[in-house]
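Participant: Fold the following, please.
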Amino acid sequence: MHKFKNYSLNDKIFYIVITVILTLFFIMVLYPCIFVISASFSSGTAVQSGKVVLFPVDFSLEGYKTVFHTNTVWIGFRNSLFYTVVGTVINVAMTLTAAYCLSRHDLPGRNGIMLLFTFTMFFSGGLIPNYMVVQNLGLLNTRWSLLLPGAISVYNLIVARTFIVNSIPNELLEASQMDGCSDFMYYIKVVIPLSKAIIAVLVLFYGVGHWNAYFNAMIYLHNKELYPLTLYLREILMSSQIDPSTVQDPELQARLADMVGVIKYSLIMVSMIPVLLIYPFVQKYFVKGVMIGSVKGQAEGEELKGYFI
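Facilitator: Just a heads-up that it's a prediction; the model follows:
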């Protein structure tokens, strides 16, 4: 507050305007979250009549009971967990390995390979060619159709490569080679342990992406037993109803019509919980990994410029 008094009039106006704008944006982002939480703990009648505004009305856990007694929710949750864990492992392993290889100055054709990777950021074959590739590889209607295509994100690859270049000195490689360490062992015992920050960032990026993804599943999967949770959530939101035959409790089946709104918000909350639980464990590495992995400085800019010239 003491520093604010010493600012000029223009600076004071600037900071006040920025503070008001950021506060409004914060409220715009926060209110939908509060509304979803409140609606999920309210009664179906209160939600349908529009009585829920900020706090729960007629506190009830019926929405969560219905969600947890629905077979398709558990099937979708299990599938989403599988896609997220296995997909993230594949993504991180391939991205970090490719980033390490491209960070080596002694790799022949390094700039050309990086140019090919970067080209795919701006141009892609489109939906139909991608579908034909998945079909011809025999991946259609299998779990692998959601895991193998797009195993490497070029953006994450660039961030990981920049992190390795800026954080791991080349002298470590020279010292390990003098001690007889192979390239593979150097990658396993030196690069990976020193890359915890960027690994945490990649896990968060890829994990959230897999957990929230639904479009590829909608295109490549026809067997409902393989649907992720987001696809079941989409069907419920689109149809505004839930199949009574999937609910195990007879009492809940009879009240489904009055609980459609609550079920929507309860299911949204259930789908959000895993992501919210993961973030606290990786947040201490998140800022460090993103900032070190960002492209900055004239030298790095000149190096990236060489990929396009």
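Participant: what's around Lys196, how many residues?
Facilitator: Lys196 has 13 neighbours, counted by other C-beta atoms under 10 Å. No exception for glycine: its C-beta is placed from N, CA and C like everyone else's.
Participant: residues in contact with the closest residue to Tyr227 other than its chain neighbours?
Facilitator: In space, and not counting its chain neighbours, Tyr227 is closest to Gly76: 5.8 Å by C-beta to C-beta, 6 or more residues apart in numbering. Shown in contact with Gly76 (C-beta atoms under 8 Å, 6 or more residues apart in numbering): 227-233.
Participant: can we see that at 6 Å?
Facilitator: 227-229, 232 (C-beta atoms under 6 Å, 6 or more residues apart in numbering).
Participant: next one: Ser145
Facilitator: 134, 139, 220.
Participant: Centroid-nearest residue for this structure?
Facilitator: Nearest to the geometric centre of the chain sits Val208, at 2.1 Å (C-alpha atoms, centre = their mean).
Participant: Distance of it relative to Pro274?
Facilitator: Counting by C-beta to C-beta, to the nearest Å, the gap between Val208 and Pro274 amounts to 10 Å.
Participant: anything in contact with each of the two?
Facilitator: Counting by C-beta under 6 Å, 6+ apart, Val208 and Pro274 have no common neighbour.
Participant: Show me where the stretch 201-309 of the chain has its helices.
Facilitator: For the stretch 201-309 of the chain, helices defined by DSSP state H, counting those that start in this stretch occupy the ranges 215-220, 229-239, 250-254, 260-293, 298-308.
Participant: worst average pLDDT in those?
Facilitator: Set side by side, the helices of the stretch 201-309 of the chain give their lowest mean pLDDT on helix 298-308, at a mean of 46.
Participant: what about the protein, any weak spots by pLDDT?
Facilitator: Low-confidence segments of the chain (pLDDT under 70): 1-2, 4, 237-260, 282-309.
Participant: which SSE is the residue nearest to Tyr227 in?
Facilitator: Using DSSP states H and E, Gly76 maps to helix 71-103.
Participant: next helix or strand past that helix?
Facilitator: Following helix 71-103 in sequence order, the next helix or strand is helix 110-122 (DSSP H and E).
Participant: Using CSV, write out every CA atom in that following helix.
Facilitator: C-alpha atoms of helix 110-122 as CSV (Å, rounded to 0.1, in the frame of the first residue of the first chain):
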residue,chain,number,x,y,z
ARG,A,110,18.9,-32.9,-36.2
ASN,A,111,17.6,-29.7,-37.7
GLY,A,112,15.9,-31.5,-40.5
ILE,A,113,14.2,-33.9,-38.1
MET,A,114,13.0,-31.0,-36.0
LEU,A,115,11.7,-29.3,-39.1
LEU,A,116,9.6,-32.3,-39.9
PHE,A,117,8.2,-32.4,-36.4
THR,A,118,7.4,-28.7,-36.5
PHE,A,119,5.7,-29.0,-39.9
THR,A,120,3.1,-31.3,-38.4
MET,A,121,2.1,-28.5,-35.9
PHE,A,122,0.8,-26.4,-38.8
